[in-house]
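1. A predicted structure for the sequence below; I have some questions about it.
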Amino acid sequence: MKIKSVRARVFQWKGKTVPPQGNFCSNAMDLVYSNTESMSTFRFHSWTVVEIETDDGIVGIGNVALAPKIAKAIIDEYLAPLVIGQDPWDYEYLWQRMYRATHAWGRKGVTMAAISAVDLAIWDILGKSVNKPVFKLLGGRTKEKIPCYYSKLYRTDLKEMQDEAQKFLDQGFTAFKMRFGYGPAHLQHGVKENLKSVEAIREVIGYDNDLMLECYMGWNLEYAKRMLPKLAKFEPRWLEEPVIADDIDGYAELNNMNIIPISGGEHEFSLYGFKQLLDKKAVSVVQYDTNRVGGITAAHKINALCEAYSVPVIPHAGQMHNYHLTMSTIASPMAEYFPIFDVEVGNELFWYIFDGEPIADNGFLQLRDDVPGLGLSLKTEYLDQFDIIE
Ligand SMILES: O=C(O)[C@H](O)[C@H](O)[C@@H](O)CO
Ligand SMILES: [Mg+2]
């Protein structure tokens with residue numbers, strides 16, 4: 001079997017979006033002087049879909065959500081020529097070709113995300129070629145079904161947040177991730193607002209359920225150090241990305257305070273990036289995303305590393321490309337789950353592009369044994385709501 005063609009297309013949403021509300025979610029831009037565009041850099045409304053076809057007619061599908069137009073250009077210009085004509089079963093060799101050919105300027109960020117998309121499509125081909133789901137190629141079913149946590153709860157009116165939490169508590173979720181709206185720029189007022197929002201959600205979900213807290217890199221080390229003791233009484237399962245992804249020493253310092261487990265890795269890349277995080281004991285929960293970190297080929301290795309370091313892997317975003325890894329490793333106790341909603345920040349877009357994503361049932365996800373590959377196909381229902389860039 002040989003790879004015949006690689007097609008990368010950007011699906012740009014032109015349908016209705018829910019407008020952002022102020023202090024919706026802290027993010028890295030919040031710390032920049034005179035910043036008025038923080039929310040626009042946080043939202044993303046397009047996605048790159050990669051289809052790789054083999055000479056025997058199998059089509060593998062991969063995807064990447066980071067900087068979609070740039071990812072497409074990297075795939076078209078640099079990665080496609082490296083895999084066309086090659087055997088997809090040589091996935092490690094192909095991964096190394098892509099990684100090393102772009103190493104001088106690639107390594108992390110959008111290049112690794114582009115490599116991830118090609119790698120995902122290759123693994124989809126492998127599964128389809130032997131009529132098995134990808135998790136079977138990675139070691140099989142390590143759990144009967146995958147527990148997942150509800151991930152939304154952006155900072156809005158507290159009553160609205162409570163109603164949202166209640167609705168999904170009633171649907172059987174037992175773990176919830178909420179977003180902080182405030183950071184250092186909002187001074188003591190923001191500290192108070194952040195604490196109020198956590199208290200409001202705890203009021204609804206009680207202490208028999210898990211609560212995760214998301215900063216999305218919108219804090220700094222000093223602010224995070226002040227916040228940790230104040231948040232401790234709410235017993236969060238973790239505090240996520242308190243500082244920017246490059247501040248690995250900052251993560252290590254916060255994690256070593258041992259007040260609240262610190263999570264991160266959603267903006268980290270490659271086996272080397274995660275080795276560094278683990279060596280420094282910078283995170284207590286690893287959150288790579290397979291469509292950024294280097295695809296399944298890289299994520300599978302990181303799972304082994306995390307197993308050896310006894311650090312749980314709870315990948316960013318959920319979605320099929322992550323669920324297959326979560327299912328097949330004992331290092332991964334649960335998955336993130338973005339619910340189906342109107343298009344808002346962009347996290348929801350994959351529901352409009354793909355068919356085949358499992359829907360949570362009572363806080364659990366199931367992968368089918370009889371669906372080969374990653375189990376996704378392109379949805380036709382919303383095609384007229386996208387501009388598609390070939
Ligand atoms: O962990 C997450 O789910 C992410 O940080 C989200 O993708 C981001 O959009 C923040 O809500
Ligand atoms: Mg996150």
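-> The structure has been received and is ready for your questions. Ligands and ions are numbered 1, 2, ... in the order given.
2. I'd like to know how far the residue nearest the centre of the chain sits from Lys14.
-> Residue closest to the average C-alpha location in the chain (Cα atoms, centre = their mean): His316, at 2.8 Å. For His316, the distance to Lys14 equals 26 Å [Cβ to Cβ, to the nearest Å]. Just so you know, the C-beta spots here come from the backbone N, C-alpha and C atoms, and that holds for glycine as well.
3. what's the answer for Tyr216, then?
-> Between Tyr216 and Lys14 the computed distance is 26 Å (Cβ to Cβ).
4. Show me which of the two is the more surrounded one.
-> A count of neighbours by other Cβ atoms under 10 Å puts Tyr216 above the other of Tyr216 and Lys14, at 19 against 12.
5. helices and strands of the protein: which one has the lowest mean pLDDT?
-> One helix or strand of the chain scores below all others by mean pLDDT, DSSP states H and E: helix 38-42, with a mean of 77.
6. That one: what's the following helix or strand?
-> Downstream of helix 38-42, the first helix or strand assigned by DSSP states H and E is strand 46-54.
7. can that next one be found next to ligand 1?
-> No - judged by Cβ under 6 Å from any ligand atom, strand 46-54 stays clear of ligand 1, getting no closer than 12.9 Å.
8. Packing partners of that strand?
-> Other helices and strands packing on strand 46-54, by 3 or more Cβ pairs under 8 Å, 6 or more residues apart in numbering; DSSP states H and E, are strand 3-13, strand 59-64, helix 68-74, helix 110-130, helix 349-353.
9. So which of the ones you listed is nearest ligand 1?
-> When those are compared by Cβ to the nearest ligand atom, helix 349-353 sits nearest ligand 1, at 11.2 Å.
10. for the closest one, packing partners?
-> Packing contacts for helix 349-353, counted by 3+ Cβ pairs under 8 Å, 6+ apart, involve strand 3-13, strand 46-54.
11. Quickly run through the sheet partners of the first one, with directions.
-> It refers to strand 3-13. Here strand 3-13 has these sheet partners by DSSP bridges: strand 46-54 (antiparallel), strand 386-389 (antiparallel).
12. buried stuff in it?
-> Going by neighbour count (16 or more other Cβ atoms under 10 Å), the buried part of strand 3-13 is Ile3, Val6, Arg7, Ala8, Arg9, Val10, Phe11, Gln12, Trp13.
13. hey, where'd the strands end up in the stretch 151-300 of the chain?
-> 175-179, 210-214, 238-240, 262-264, 285-286 (DSSP state E, counting those that start in this stretch).
14. Tabulate those strands (TSV), appending mean neighbour count.
-> Formatted as TSV, those follow (neighbours: other Cβ atoms under 10 Å):
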stretch	mean neighbour count
strand 175-179	23
strand 210-214	22
strand 238-240	25
strand 262-264	28
strand 285-286	25
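15. Pipe the ones you listed into JSON lines and attach mean pLDDT and distance to Gly22 per row.
-> Formatted as JSON lines, the strands of the stretch 151-300 of the chain follow (pLDDT from 0 to 100; distance: least, Cβ to Cβ, whole Å):
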{"stretch": "strand 175-179", "mean pLDDT": "98", "distance to Gly22": "13"}
{"stretch": "strand 210-214", "mean pLDDT": "99", "distance to Gly22": "17"}
{"stretch": "strand 238-240", "mean pLDDT": "99", "distance to Gly22": "21"}
{"stretch": "strand 262-264", "mean pLDDT": "99", "distance to Gly22": "26"}
{"stretch": "strand 285-286", "mean pLDDT": "99", "distance to Gly22": "29"}
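16. Any chance of a markdown table for these, columns distance to Lys159?
-> Putting the strands of the stretch 151-300 of the chain into a markdown table (distance: least, Cβ to Cβ, whole Å) gives the following:
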| stretch | distance to Lys159 |
| --- | --- |
| strand 175-179 | 14 |
| strand 210-214 | 18 |
| strand 238-240 | 24 |
| strand 262-264 | 28 |
| strand 285-286 | 30 |
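17. So which of the helices and strands packed on helix 349-353 is nearest ligand 2?
-> Of all the helices and strands packed on helix 349-353, strand 46-54 sits nearest to ligand 2, with 17.6 Å by Cβ to the ion.
18. starting at the chain centroid, how far to the closest one?
-> Here the centre of strand 46-54 is set off from its chain's centre by 18 Å, with Cα atoms, centre = their mean, to the nearest Å.
19. Including distance to ligand 2, could the helices and strands packed on helix 349-353 go into TSV?
-> As requested, the helices and strands packed on helix 349-353 are exported to TSV (distance: least, Cβ to the ion, whole Å):
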stretch	distance to ligand 2
strand 3-13	21
strand 46-54	18
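20. Can you redo the ones you listed as TSV, where the extra columns are mean pLDDT?
-> Shown next, in TSV, are the helices and strands packed on helix 349-353 (pLDDT from 0 to 100):
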stretch	mean pLDDT
strand 3-13	98
strand 46-54	98
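21. Now those in TSV, please, with extra columns for distance to Met39.
-> Formatted as TSV, the helices and strands packed on helix 349-353 follow (distance: least, Cβ to Cβ, whole Å):
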stretch	distance to Met39
strand 3-13	16
strand 46-54	17
